[in-house]
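**Q** would you be able to build a 3D model of this:
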Amino acid sequence: MSQNHALIAEMKMEAANTRKILERVPVEKNDWKPHRKSMSLGRLATHVAEIPGWVTATMTTDELDFAKTEYKPHIAQSTQELLDILDKNVNEGVNALENSKDEDFDKMWTLRNGDQVYFTLPKKAVLRSFALSHHYHHRAQLGVYLRLLDIPIPGMYGPTADEMEATNAETAPAEAIAN
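**A** Residues are numbered from 1 along each chain as shown. Okay, here's the model as predicted:
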């Protein structure tokens, strides 16, 4: 299997998982933070929806220079907007991977801020760390935010305690529930 096909399969599977958690974000609490140093719920959720776009940036450019970009953090105002941002970024990422050849993954890519170079790595390493692992990290962080807000967490790779609790409640005898 070529590198791009394996990554496309992973992106699609993880996009479905990300969608499940974004669907549960209470956008009416976008300003909520678990700590003063933390990102707000709305910013974190939007960031999770945006990160799959970094696959496109990695495969279609040779560097990202913060000194040359005007990035303004955005906060989605609805669940549908979060899902639209995710879908757009996943579709563009999948398209970028579909148009990549195996040798493209060995090309070097740099993250910098002007003269300060944070790293230069082969694109395949950037995809794994800067794009995919970074995405999963923040998605898990979003799960902690939801837990702290007492919102049931969806399963990513199997059922969660919330889902097991709901299943057990549905199958428990009526008298056990009444007690």
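**Q** okay, T160: pLDDT?
**A** The score at T160 is 87. That number is its pLDDT.
**Q** quick check: it touching L146?
**A** No: in this structure T160 lies outside contact range of L146 using Cβ atoms under 8 Å: 10.5 Å. Glycine gets a C-beta too; all of them are placed from N, C-alpha and C.
**Q** what do these two both touch?
**A** Common neighbours of T160 and L146 (criterion: Cβ atoms under 8 Å, 6 or more residues apart in numbering): P152, I153.
**Q** of the two, which one has the most company?
**A** L146 (19 against 16; other Cβ atoms under 10 Å).
**Q** could you measure from that one over to K101?
**A** Distance of L146 to K101, computed by Cβ to Cβ, to the nearest Å: 39 Å.
**Q** now swap in E163 and tell me
**A** Taken as Cβ to Cβ, the span from E163 to K101 is 41 Å.
**Q** can you check L86 too?
**A** In terms of Cβ to Cβ, L86 sits 27 Å off from K101.
**Q** looking at the two, which is more packed in?
**A** L86 (23 against 9).
**Q** can you tell me the helix or strand for the more buried one?
**A** L86 belongs to helix 79-98 when elements are defined using DSSP states H and E.
**Q** okay, buried residues for that helix please.
**A** Within helix 79-98, the residues that qualify as buried are E81, L82, L83, I85, L86, N89, V90, E92, G93, V94, A96, L97, counting by 16 or more other Cβ atoms under 10 Å.
**Q** A131: neighbour count?
**A** 22.
**Q** cool, the one 4 residues further on as well?
**A** A count of neighbours around H135, defined by other Cβ under 10 Å, yields 23.
**Q** assign it to helix, strand or coil.
**A** helix (DSSP: H, G, I helix; E, B strand; the rest coil).
**Q** need phi/psi at Q116.
**A** Per-residue torsions, Q116: phi -80, psi 110 (degrees, to the nearest 10).
**Q** the one 5 residues further on now?
**A** Taking degrees, to the nearest 10, you get phi -140, psi 160 for the backbone angles of L121.
**Q** surely it touches M108?
**A** Yes: between L121 and M108 a contact is recorded at 6.9 Å, counting by Cβ under 8 Å.
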